[in-house]
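S.K.: Test case, fold it:
(chains A and B)
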Amino acid sequence: EAGVAQSPRYKIIEKRQSVAFWCNPISGHATLYWYQQILGQGPKLLIQFQNNGVVDDSQLPKDRFSAERLKGVDSTLKIQPAKLEDSAVYLCASSSRQGVEKEAFFGQGTRLTVV
Amino acid sequence: GQSLEQPSEVTAVEGAIVQINCTYQTSGFYGLSWYQQHDGGAPTFLSYNALDGLEETGRFSSFLSRSDSYGYLLLQELQMKDSASYFCAVRDRRGKLIFGQGTELSVKP
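M.R.: Down below sits the predicted model:
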């Protein structure tokens, strides 16, 4: 079975620019997560979707970050405008059933550098 | 909210046994997971405990005590390839998955 796909793998932008990341979860997985991982730290949950609905976005900086999951499959995460402190790896993960599936599967991530 | 504590780094030698502890504070606790992440790689699932006790998967075992809000990951017969970061993560009933800051394991020859 194909894994979680993310693109792009790397992105360099200037501060105040906009950027978008794309994630295609494993087929049939209802739950999708976006995490931000700063170097040397653990993944920080930004948003969790169940199908196309938001379960949790309490840690998402909504003044600059937005995410959507149209049709409950692919998802995009956008940052507008970017700040230097947004430099991190953005990880997408999926799991099959909310609160039941014990394993989340991660994509390779998008490494964002804001200069 | 949720918080997890684990040691920042651990060093051990090949063939040894190492234990990585994790304490947590959370509401709506459902289970404790462990993930491994090599430099530049994606986190990969290792083990999961929803009930008290020990779960064994090959060289890796994980333990949970819900009453103590405590768990650990036990790695036996350490190999050089086990050098990586290890994260504990709590899961709630809605599937929310919150990670600790990670423990960097260095395995020496």
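
S.K.: gap between the closest residue to A:S96 other than its chain neighbours and chain B?
M.R.: Among residues not flanking A:S96 along the chain, A:H29 sits closest, at 5.1 Å (CB to CB, 6 or more residues apart in numbering or on different chains). In short, each C-beta sits where N, CA and C put it, glycine included. Distance, A:H29 to chain B, using CB to the nearest CB, to the nearest Å: 11 Å.

S.K.: A:L32 too?
M.R.: Taking CB to the nearest CB as the measure, A:L32 falls 10 Å from chain B.

S.K.: Model confidence for that residue, exactly?
M.R.: If you check A:L32, the pLDDT there is 95.

S.K.: Name the next helix or strand downstream of the strand or helix carrying it, please.
M.R.: Per DSSP states H and E: A:L32 is located in strand A:31-37. For strand A:31-37, the following helix or strand on the C-terminal side (DSSP H and E) is strand A:44-50.

S.K.: May I see the buried residues of the helix or strand following that next one?
M.R.: Downstream of strand A:44-50, the next assigned helix or strand under DSSP H and E is strand A:53-56. For strand A:53-56, the neighbour count (16 or more other CB atoms under 10 Å in any protein chain shown) marks A:V55, A:D56 as buried.

S.K.: Repeat that for stretch B:15-25.
M.R.: In stretch B:15-25, counting by 16+ other CB under 10 Å, buried: B:V18, B:I20, B:C22, B:T23, B:Y24.

S.K.: what about residue 13, how many residues close to it?
M.R.: No chain specified, so I'll use chain A. The tally of other residues near A:I13 (other CB atoms under 10 Å in any protein chain shown) stands at 17.

S.K.: actually it's chain B I care about, not the one you picked
M.R.: Neighbours of B:V13 under the rule other CB under 10 Å: 11.
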